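Visitor: okay, predicted coordinates and the sequence, questions at the end:
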Amino acid sequence: MQEKQLSTEELIAQDVGARLPIGPMGWLITTLALAWSLFQLWIASPLPFLVGFGVLNDTETRAIHLTFALLLAYLVFPAFRSSPRDNVPVADIVLGIIAACAASYLFVMYQDLAQRPGNLTTADLITACIGIPLLLEAARRALGPALAVIALVFLIYSLAGPYMPGLLAHRGVSFTALANHQWITTEGVFGIALGVSTSFVFLFVLFGALLERAGAGHYFIQLAFSMLGHLRGGPAKAAVVASGLTGLISGSSIANVVTTGTFTIPMMKRVGFSAEKAGAVEVASSVNGQIMPPVMGAAAFLMVEYVGIPYVEIIKHAFLPAAISYIALLYIVHLEALKLGMEPIGGQQPKTWLRRLTGFAFGAFLISGLSLAVYYGLGWLKPALGDYALEGVSLLLALVYVGLLKIAASNEPLPAEDPDKPLTELPQTRAVLLSGLHFLLPVVVLVWCLMIERLSPGLSAFWGTVMLVIILLTQRPLLNWLRTDGKHDYGTLNDGVVDLREGLIAGARNMIGIGIATATAGIIVGAVSQTGVGLVLADLVEVLSMGNLLLMLILTAVLSLILGMGLPTTANYIVVSSLLAPVVVTLGQQNGLIVPLIAVHLFVFYFGIMADVTPPVGLASFAAAAVSKGDPIKTGITAFYYSLRTAALPFLFIFNTDLLLIDVDFAHGVLIFVVATIAMLIFAAATQGYFLVRSRWYESMALLLVAFTLFRPGFWMDMVHNPYRDTPPAQLTQTLGEVAAESTLRLRIAGEDAVGKHREYSLLLGVPQGATGAERLEALGLSLYEQDGKTLIDNVAFGSPAADANLQFDQQIVAVSAPTEGWRKELMWLPGFLLFGLVVMLQRRRQKAA
């Protein structure tokens, strides 16, 4: 296994391009990266519309975006391990130029292509035949063979449809149609995925690179250590928090591992964690960063396009599972520290429960308070200032910035990171906190633009980046000016310009792999839309699961893991959501499980990113093992064990969408957050086999039962009291008149699907306002008729609620279920807590005896 391990430097180089040549070629690569970042800032800004120059449509910007990505990919990623690193071979330069020309074809020929849609010329065909193979080769170089092989398989499948065996067969597509669909239109390579990379992802990756260059990454790590280092296993807890903060803006779990892990893993080993456990903690926390809003490894922006709901709603739904997963990981680390008998750093005694509670409350207040202050505290500024809101907020921001820099100048600057320094003392939380509060201002600007101004994610990231540019250019001279004792030299304006330049270059280099990944994943999306392979997968899972709902979800989870192997987060989500999200929706409806689309997408996304953890292809585990010098397979197994809570969550929120805060008010949301967090901590204790003392097997089983009950009380309540009553389909009009308005009917529908196959599925139909059942049926846009004892749909009004629910002419209503007045499912929490109390009593008795 040691032969497979790479050094940390090699892993970082693999992520952003291994070549760093000097001389003219190095200058060219730097210039191209800088030009790409400036181009992305230009198209994201309002400037093109203000000056009336450089206004480009989506297709043109995608073509230029991919042109930069392909050219840089061939210049900075060597073809083979033996290829030179200090210079670029002529062959790579030629391939890069040809690939860039093929990508820019849509920009150069846009007007001509727009006038003849679907009419492929010889030049179009040649360009596609050159562009697709060169894109696959760039993906192999930048990302490894996994994504390139998967995309190639889908290209072959598109052409070989008629020759495939029974279940996999389709009518096939011609070579010309394939080339047109994949390269010349916006259905394949230049589709939604590349569009999201162009419009949103680049700006957030650049935002993260600039924030790191400004010093925020070091600040976050030091803050985490100062707040948590005094606890048992403090460095591991700090690693979780630091990786979580980095993961907020990172688009790669591997990049997260090698940046924060370089510092945190040696610290964890020094206090008693084995190399494998230290690496596993870093892997689990870094991969968790990909499910944490607001960026979610860039998947959040793709979900906006694929699910069709606003970005703010995506953040709301994704927040709770990610937050409780992180809290549980902190608890797992605490349990590991207890099992290993670790002592606090520097011989400090653990704080009393009151001081711990105060410290936790302070951290929670800092994070929550920032968001609430922006949303509610500053929200009144916009209507209060009226037309002068922009000038007023800008002035306030400038004053706050100078004030926070004055506070930073009054404190000692943070020392440089040194993983080899003995862990005998910890930085003071107050001093660390005050030394970098100005780094929070770009985040404030980002939240303001997203939540209050309701700007697009791309434009919000642009204004956050503008704030970061101001900080990079001004923080050094201003700190020198504001520091009156002259003890420290923070640097000059020229140093700030260098920081800005290096940040822009780093942002572009970080984006090469993501740009190539989204374009290559577009081939898979294009094949799905052209061949209907999604329906084939649905049939395959249906056959294998034999109609069992839980088995269907497990198979989908395993397929997501397999498809996600070796893929970066963005490409990972594109692949699993395109192929497997429709499977869960289709088969769920057929089995009576009706799940909101966002829950389905989060389900496949969670399991897709688990591939970064899971051996044998867990890339994040290999990256952590390179830093920790441990065994990568053992690291991956341990990390998967730590990540069981992340694997359990998708199953829970599929059956209990309250965890995603869907149709939940604020008070109920707070209650769910508290109970779900307790449930996840109990689940972590059960899987670790340790609570107050080492658990016996029956105590672990009891804890798992308690956790399940708290997470899904409806499972037990439905056994006690059925929330629906069945009524004859012929009495649908009467049933509509009996139930309360704004409630929901559950219908079982039979009919032909889009390809003419007879299917049965379930759906929820909201009950509109109306004095009688007939009025409500008319408001739904439904007309029914009876034939041979069957209730059939006669007509569905265009644009009606019934049409929105995908009801169609001549479908049969097989069953109708009306809601009943029942007990609240949360009552089942009471027996759950009673059982938990019994386990606590048993373990406390053993604890006292020991």
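Guide: Done, it's in.
Visitor: surely Gln590 touches His758?
Guide: No: applying Cβ atoms under 8 Å as the test, Gln590 and His758 come out as separate, 11.2 Å apart. For glycine as for every other residue, the C-beta is placed from the backbone atoms N, C-alpha and C.
Visitor: between the two, who's got more neighbours?
Guide: Between Gln590 and His758, Gln590 has the larger neighbour count (other Cβ atoms under 10 Å), namely 18 against 8.
Visitor: pLDDT score for the more buried one?
Guide: According to the prediction, Gln590 has pLDDT 75.
Visitor: that one: what's it in contact with?
Guide: Glu542, Arg759, Glu760, Tyr761, Ser762 (Cβ atoms under 8 Å, 6 or more residues apart in numbering).
Visitor: quick one: which of the residues you listed is nearest Leu440?
Guide: Using Cβ to Cβ, Ser762 comes nearest to Leu440 of the contacts of Gln590, at 46.7 Å.
Visitor: name the element Ser762 belongs to?
Guide: strand 758-766 (DSSP states H and E).
Visitor: now do the buried residues in whichever helix or strand comes after that strand.
Guide: Using DSSP H and E, the helix or strand that directly follows strand 758-766 along the chain is helix 773-780. The neighbour-count check on helix 773-780 (16 or more other Cβ atoms under 10 Å) flags Gly773, Arg776, Leu777, Glu778, Ala779, Leu780 as buried.
Visitor: filter the contacts of Gln590 to the buried ones?
Guide: Using 16+ other Cβ under 10 Å, the buried ones in those are Glu542, Tyr761, Ser762.
Visitor: what's around the nearest residue to the second one once chain neighbours are set aside, how many residues?
Guide: It refers to Tyr761. Spatial nearest neighbour of Tyr761, excluding adjacent residues (Cβ to Cβ, 6 or more residues apart in numbering): Gln589 at 3.6 Å. Number of residues near Gln589 (other Cβ under 10 Å) recorded here: 19.
Visitor: give the contact list for Gln589.
Guide: Applying Cβ under 8 Å, 6+ apart, the residues near Gln589 are Tyr761, Ser762, Leu763.
Visitor: please enumerate the strands of the chain.
Guide: 724-727, 744-752, 758-766, 782-787, 790-796, 812-819 (DSSP state E).
Visitor: domains in this protein, as residue ranges please.
Guide: What the record gives for the chain is the domain set 7-185, 194-491, 519-531+550-720, 724-821, from automatic domain parsing.
Visitor: what is the mean pLDDT for the shortest one?
Guide: The predicted model assigns domain 724-821 a mean pLDDT of 85.
Visitor: check the separation of the first and last residues in it.
Guide: 9 Å (Cα to Cα, to the nearest Å).
Visitor: again with the third one
Guide: Between the opening and closing residues of domain 519-531+550-720 lies a distance of 51 Å (Cα to Cα).
Visitor: now swap in the second one and tell me
Guide: According to Cα to Cα, domain 194-491 extends 39 Å from its N-terminal end residue to its C-terminal end residue.
Visitor: distance from that domain to the middle of the chain?
Guide: 17 Å (Cα atoms, centre = their mean, to the nearest Å).
Visitor: and if you look at the first one?
Guide: Averaging C-alpha positions (Cα atoms, centre = their mean) puts domain 7-185 24 Å from its chain's average.
Visitor: and for stretch 669-686?
Guide: 21 Å.
Visitor: per-residue confidence for the nearest residue to Gly689 once chain neighbours are set aside?
Guide: For Gly689, ignoring the flanking residues on the chain, the nearest one in space by Cβ to Cβ, 6+ apart is Ser695 at 5.2 Å. Looking at Ser695, its pLDDT reads 90.
Visitor: does Gly191 touch Val525 like I think?
Guide: Yes: here Gly191 reaches Val525: they are 5.7 Å apart, a contact under Cβ under 8 Å.
Visitor: for the one residue sitting closest to the centre of the chain, give me its contacts.
Guide: Geometric centre of the chain, nearest residue: Met296, 2.6 Å, by Cα atoms, centre = their mean. Each residue near Met296 by Cβ under 8 Å, 6+ apart is listed here: Gln290, Met303, Ala318, Thr569, Phe605.
Visitor: and Leu437, by the same measure?
Guide: Per Cβ under 8 Å, 6+ apart, neighbours of Leu437: Leu404, Ile407, Ala408.
Visitor: ok, and the most crowded of those residues?
Guide: Neighbour max across these (other Cβ under 10 Å) = Ala408, 24 neighbours.
Visitor: and that residue, how far from Arg776?
Guide: Remark: distance between Ala408 and Arg776 (Cβ to Cβ, to the nearest Å) = 63 Å.
Visitor: could you do Met565 as well?
Guide: Distance from Met565 to Arg776, by Cβ to Cβ: 50 Å.
Visitor: then Met303?
Guide: Counting by Cβ to Cβ, the gap from Met303 to Arg776 is 34 Å.
Visitor: over to Val205?
Guide: Counting by Cβ to Cβ, the gap from Val205 to Arg776 is 50 Å.
Visitor: ok, Ser621 next?
Guide: 56 Å.
Visitor: try Ala416
Guide: 69 Å.
Visitor: quick one: low-confidence parts of the stretch 101-250 of the chain?
Guide: 247-250 (pLDDT under 70).
Visitor: isn't Thr657 right up against Ala599?
Guide: Yes: between Thr657 and Ala599 a contact is recorded at 5.6 Å, counting by Cβ under 8 Å.
Visitor: so the two - more neighbours on which side?
Guide: Ala599 (22 against 18).
Visitor: next one, pLDDT for that one please.
Guide: So, for Ala599, pLDDT stands at 89.
Visitor: show me the contacts for it.
Guide: Counted by Cβ under 8 Å, 6+ apart, Ala599 has contacts His317, Phe653, Ile654, Thr657, Leu660, Ile662.
Visitor: Ile407 now?
Guide: Contacts of Ile407 (Cβ under 8 Å, 6+ apart): Leu434, Leu437.
Visitor: remind me, longest helix of the protein?
Guide: Secondary structure assigned by DSSP state H gives helix 493-531 as the longest helix of the chain.
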